[in-house]
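*Asks:* Structure, please.
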Amino acid sequence: MTAASPLPMTPLGELPSFVKDVRAAGSPFPAVHYWVPERTGDAATDYERGRLHFGDAVAFSLRPNAPLFLAYVVVAMFANIGPMERGFLEAMIQAAQVGRAAPRLTDEEVAVIEVEPSDQARLREIEAEMAEALAARCWLPDLLFFTVFNHLGGAEGEFVGGSMTMFARTALNGKRN
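*Replies:* The predicted model follows:
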């Protein structure tokens, strides 16, 4: 998901530890990467840290002016799923299992995602896959698991923003319950 940062006024020191300042040397403009956690190299430890990072991401996402933070973190994991990401995502799936399903993105939200207008149809198709997985999550819970990991590990790249936003909003709804 490429768009204006959802954190325009947040001091970098207030962000969770897995968010890193990646500004160019000497640049006065902040730039963040939403998923650069410290890894131990031990799969079990990293998995548990991922679950803890999910809690930190939720806490930050519930702050004013940060409702898209969780979606940005998840999209930053694209094509880089290891034990820590698996722990984070499995904790997020658990929260989404009990959350009220979020609506699809509005046309205005889709317009913010930097894809060509001709590619918006593909973004909407992937978003529809997530909507189906969320609708079936109570009676077919593995579908949500496979949909999330397929979207983040697949070749869809710039098109996963809508599906991950819907997933993130549903997980946040679950944490509010």
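*Asks:* so how many other residues sit close to residue 92?
*Replies:* Residue 92 is flanked by 29 other residues according to other Cβ atoms under 10 Å. Every C-beta, even on glycine, is put in place using the N, C-alpha and C of the backbone.
*Asks:* Give me the three-state assignment for it.
*Replies:* At residue 92, secondary structure determined by DSSP: H, G, I helix; E, B strand; the rest coil is helix.
*Asks:* Low-confidence stretches in the protein?
*Replies:* 1-13, 113-115, 155, 177 (pLDDT under 70).
*Asks:* neighbours of the nearest residue in space to residue 91 that is not next to it in sequence, just the number please.
*Replies:* Leaving aside its chain neighbours, residue 91 sits nearest to residue 54 (4.0 Å; criterion: Cβ to Cβ, 6 or more residues apart in numbering). For residue 54, the neighbour count with other Cβ under 10 Å is 25.
*Asks:* can you map out the helices along the protein?
*Replies:* 43-61, 69-76, 83-98, 107-112, 120-135, 141-153, 161-176 (DSSP state H).
*Asks:* Could you export the ones you listed as TSV, including distance to residue 14?
*Replies:* Output for the helices of the chain, formatted as TSV (distance: least, Cβ to Cβ, whole Å):
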stretch	distance to residue 14
helix 43-61	8
helix 69-76	12
helix 83-98	20
helix 107-112	24
helix 120-135	30
helix 141-153	26
helix 161-176	19
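*Asks:* Quick one: closest of the ones you listed to residue 28.
*Replies:* In terms of Cβ to Cβ, the element of the helices of the chain nearest to residue 28 is helix 69-76, at 22.3 Å.
*Asks:* can you tell me how far the residue nearest the centre of the chain sits from residue 27?
*Replies:* With distances taken as Cα atoms, centre = their mean, residue 74 lies nearest the centre of the chain, 2.5 Å away. As judged by Cβ to Cβ, to the nearest Å, residue 74 and residue 27 stand 26 Å apart.
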